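**Student:** With the input below, show me the fold.
(chains A and B)
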Amino acid sequence: MRELLEFLILDNLIYILMIVLGVILTVAYLTYFERKVIAFMHVRMGPNRVGPRGLLQPFADVLKLLTKEIIFPQNANKFLFLIAPIITLATAFAAWAVVPFAEGMVLADINAGLVYVLAMTSLGVYGVIIAGWASNSKYALLGALRSAAQIVSYEIAMGFALVGVLVAAGTLNLSDIVRAQEGGIVHWYIWPLLPLFMIYYISGVAETNRAPFDVAEGESEIVAGFHVEYSGAAFALFFLGEYANMIIISALTALMFLGGWYSPFTGDSWLAQPSIFWFLAKTSFFLYAYFWLRASLPRYRYDQIMRLGWKVFIPITIVWIMVVAVMKVYHVGPWWN
Amino acid sequence: MIISPELFQQFIFYLFATFTVGSAMAVVTVKNTIYSALFLVLCFFNTAVLWLLIEAEFLAITLVLVYVGAVMVLFLFVVMMLDVKQAKASQLKQSYTKAALLIAAAMLVELMVLFAYKLSGQLPTNELIRQEQGYSNVSEVGMALFTTYVYPFEIAAVILLVAIVAAIMLTMRKRQGNKQMDAAKQININPAERIRVVSMKAEKPEKRHSGEES
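**Tutor:** Have a look, this model is predicted:
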């Protein structure tokens, strides 16, 4: 028992700390990266004042946010108002427990990993709804309703896309899903599941309320949506949660469709070795795609978002699940022979 | 102090069981409907933990995914939109007490009958049946659903589908003067039908009236 307790406390605590600190640092530099990428696309400079090339800008932002006052709106429900950002952040971090970074490098290697991720990401909507309601502000409530409707709608398309992956790999364990894609770029599931891959990533963008699906924030209509009344550290938590969710969507896309930690090359060269760097590179690409989309596309209208989710994505996913099932039954190569 | 794993597990069970019962009680006793819905979420969560303790991790996660992640979100939606007035204590006491007590008593008797006669011979009384390390109850649940219980499973699915279609049909009514947009029509617009390009000679601008502001 003492060994068990020591193991539970020491090893897992270190892993958890590594993951949490890693995610927080990534979020910090993701904001810097985002501003630089968008500045480049707008032919601007981006942050370049704090530190060399503006590299210390994220820390300046964090310090500014943490030293600001948290303002409570009149008649706001204080308990719910405070707990909402905590729920958002906790669910965003909880999903990281089952993400395999490399072969065997995973905190909890559970069999129902895929369902766990889906369950945890679907809980994030509570932070949004509670924040919108507890703020006692009409803009916040409108933003919360929009956001909740959007998240619930796109979760269905996302779930169906994951069913396709589940059919293809025959397991819910994320490490096993990656292992099923071993053997170079042709073995990745992006090829047989191409429509599902695109739908998963686009739904992921919609789930995290990012541009072009950011009507929940819609600063031109409802100021900033559900977190309009939040300031200081409470706002920082929402911000952190949103970016942590973006990273996890990108990481999951890399794991399920692009072979996670496996190299695209085959052979014995050092480039063909599976490693965590491949996983990080793939994840980074999808993070870049988030900013790419944000800088290039105008915001969708609300009814267009709903139409895309319900009338386009869900039918395509249902049809493609059938196609995947047929391909698997007839052992179509090189994925299922 | 050394705690044995069994004692530790029992401690966790009683902790979360207390939370489950407590939050379930809170659902019906708190006056704010939003708090009621949130306590129901807490209750589902604690039930999921109890299921995890009997090593049914797939069912536990599915409970969170379906009930907490989807059903309760819609509940909260409805509660927020309806703006239910906070009920007073006097209102709560008089109206439904007898009916509620009757239903509770009936359910209690049913459960006791079930436990006494149906399950006593089948379940070992003090020990959980444990499976070896590689056992996956995800595939076990799938096997049972798609082989032994395939007809009930498919019939339930068809009933749900019918319910979805019926619910959507109920909301589909065309209001007079509704200016809903048809995306297919919008996309298939031919510009030639909409505007006419007229070629005409250039005109001289008219002289402005002297009193007008420029």
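**Student:** wouldn't residue A:111 be in contact with residue B:57 here?
**Tutor:** Yes: using CB atoms under 8 Å as the test, residue A:111 is close enough to residue B:57 to be in contact (7.2 Å). Quick note: C-beta positions are derived from backbone N, CA and C, even for glycine.
**Student:** Spit out the residues that contact the two alike.
**Tutor:** residue B:137 (CB atoms under 8 Å, 6 or more residues apart in numbering or on different chains).
**Student:** all helices for the stretch 101-250 of chain A, in order.
**Tutor:** Taking DSSP state H, counting those that start in this stretch as the criterion, the stretch 101-250 of chain A contains helices spanning A:113-134, A:138-169, A:174-179, A:194-207, A:219-222, A:232-257.
**Student:** Please identify the deepest-packed of those.
**Tutor:** Stretch with highest mean neighbour count among these: helix A:113-134 (a mean of 25; mean count of other CB atoms under 10 Å in any protein chain shown).
**Student:** Please compute how far that one lies from its chain's middle.
**Tutor:** Its chain's C-alpha centre and that of helix A:113-134 lie 12 Å apart, by CA atoms, centre = their mean, to the nearest Å.
**Student:** tell me the angle it makes with helix A:194-207.
**Tutor:** 30 degrees (axes from the mean of the first three to the mean of the last three CA atoms, to 10 degrees).
**Student:** From the contact counts, what lies against helix A:113-134?
**Tutor:** Helix A:113-134 is packed against helix A:78-94, helix A:138-169, helix A:174-179, helix A:232-257, helix B:33-53, helix B:57-63, helix B:72-82, with contacts defined by 3 or more CB pairs under 8 Å, 6 or more residues apart in numbering or on different chains; DSSP states H and E.
**Student:** thinking again about what came up before, can I get the helices of the stretch 101-250 of chain A in CSV with mean pLDDT?
**Tutor:** Conversion of the helices of the stretch 101-250 of chain A to CSV gives the following (pLDDT from 0 to 100):
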stretch, mean pLDDT
helix A:113-134, 85
helix A:138-169, 86
helix A:174-179, 87
helix A:194-207, 90
helix A:219-222, 70
helix A:232-257, 88
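**Student:** Dump these into TSV; add distance to residue B:61 as well.
**Tutor:** TSV is the format used below for those (distance: least, CB to CB, whole Å):
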stretch	distance to residue B:61
helix A:113-134	5
helix A:138-169	13
helix A:174-179	13
helix A:194-207	18
helix A:219-222	34
helix A:232-257	16
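**Student:** quick one: the closest residue to chain B within chain A from residue A:269, how far?
**Tutor:** Closest to chain B within chain A is residue A:122: 3.2 Å, counting by CB to the nearest CB. Distance, residue A:122 to residue A:269, by CB to CB, to the nearest Å: 42 Å.
**Student:** and if you look at residue A:284?
**Tutor:** In this view, residue A:284 and residue A:269 are 22 Å apart by CB to CB.
**Student:** Which one's more surrounded, those two?
**Tutor:** Set side by side, residue A:284 and residue A:269 show more neighbours around residue A:284, with 17 against 9, by other CB atoms under 10 Å in any protein chain shown.
**Student:** pLDDT value on that one, please?
**Tutor:** pLDDT for residue A:284: 91.
**Student:** and what of residue B:159?
**Tutor:** 95.
**Student:** Could you say which helix or strand holds it?
**Tutor:** Under the criterion of DSSP states H and E, residue B:159 resides in helix B:150-171.
**Student:** Excluding its own residues, what touches the next helix or strand after that helix? List them.
**Tutor:** Next helix or strand after helix B:150-171 toward the C-terminus (DSSP H and E): helix B:183-187. Counting contacts by CB under 8 Å, 6+ apart, the residues outside helix B:183-187 that touch it are A:304, A:307.
**Student:** for helix B:183-187, what is the average pLDDT?
**Tutor:** Average pLDDT, helix B:183-187: 81.
**Student:** cool, and stretch A:316-329?
**Tutor:** For stretch A:316-329, mean pLDDT rounds to 91.
**Student:** ok, that stretch near chain B or not?
**Tutor:** No: judged by CB under 8 Å from any CB of the partner chain, stretch A:316-329 stays clear of chain B, getting no closer than 12.1 Å.
**Student:** ok, the closest residue in space to residue A:122 that isn't next to it in sequence to residue B:9 distance?
**Tutor:** Distance criterion CB to CB, 6 or more residues apart in numbering or on different chains; nearest residue to residue A:122, sequence neighbours excluded, is residue B:69 at 3.2 Å. Using CB to CB, we find residue B:69 at a distance of 27 Å from residue B:9.
**Student:** more crowded one of those two?
**Tutor:** Comparing residue B:69 with residue B:9 by other CB under 10 Å, the one with more neighbours is residue B:69, at 27 against 13.
**Student:** just the residues of chain B that are near chain A, which are they?
**Tutor:** Counting by CB under 8 Å from any CB, chain B sits next to chain A at B:2-5, B:8, B:34, B:38, B:41, B:57-58, B:61-62, B:64-65, B:68-70, B:73-74, B:76-77, B:80-81, B:136-138, B:181, B:183.
**Student:** Make a ChimeraX selection of the buried ones in those.
**Tutor:** Selecting only the buried entries of the residues of chain B next to chain A in ChimeraX, with 16 or more other CB atoms under 10 Å in any protein chain shown as the criterion:
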select /B:34,38,41,57,58,61,62,64,65,68,69,70,73,76,77,80,136,137,138
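**Student:** Report the mean per-residue pLDDT for stretch A:57-64.
**Tutor:** The model assigns stretch A:57-64 a mean pLDDT of 88.
**Student:** How about it, which residues are buried there?
**Tutor:** Those would be A:57, A:58, A:61, A:62, for stretch A:57-64 by 16+ other CB under 10 Å.
**Student:** Might you name the residue of chain B sitting closest to chain A?
**Tutor:** residue B:69 (3.2 Å).
**Student:** Wait, a strand at that residue?
**Tutor:** No: counting by DSSP: H, G, I helix; E, B strand; the rest coil, residue B:69 is not part of a strand but helix.
**Student:** how much space is there between it and residue A:255?
**Tutor:** Relative to residue A:255, and taking CB to CB, residue B:69 is found at 21 Å.
**Student:** Residue B:19 now?
**Tutor:** 34 Å.
**Student:** Run a quick neighbour tally on residue A:192.
**Tutor:** Residues lying near residue A:192 (other CB under 10 Å) number 22.
**Student:** can you pull the contacts of it?
**Tutor:** Contacts for residue A:192 (CB under 8 Å, 6+ apart) come out as A:168, A:324, A:327, A:332, A:335.
**Student:** Now with 7 Å, please.
**Tutor:** When the contact criterion is CB atoms under 7 Å, 6 or more residues apart in numbering or on different chains, the partners of residue A:192 are A:168, A:324, A:327, A:335.
**Student:** Just the angle for whichever strand or helix holds the second one relative to helix A:194-207, thanks.
**Tutor:** Element membership for residue A:324, per DSSP H and E: helix A:314-329. Here the directions of helix A:314-329 and helix A:194-207 differ by 140 degrees (the same axes, to 10 degrees).
**Student:** would you put the C-alpha positions of helix A:314-329 in CSV?
**Tutor:** Extracted C-alpha coordinates of helix A:314-329, given in CSV (Å, rounded to 0.1, in the frame of the first residue of the first chain):
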residue,chain,number,x,y,z
ILE,A,314,-23.9,15.0,-39.9
PRO,A,315,-25.2,13.4,-43.2
ILE,A,316,-21.6,13.2,-44.6
THR,A,317,-20.3,11.6,-41.5
ILE,A,318,-23.1,9.0,-41.4
VAL,A,319,-22.5,8.1,-45.0
TRP,A,320,-18.7,7.9,-44.5
ILE,A,321,-19.1,5.6,-41.5
MET,A,322,-20.8,3.1,-43.8
VAL,A,323,-18.0,3.5,-46.4
VAL,A,324,-15.4,2.9,-43.7
ALA,A,325,-17.2,-0.1,-42.4
VAL,A,326,-17.4,-1.6,-46.0
MET,A,327,-13.7,-0.8,-46.6
LYS,A,328,-12.8,-2.5,-43.3
VAL,A,329,-14.9,-5.6,-44.0
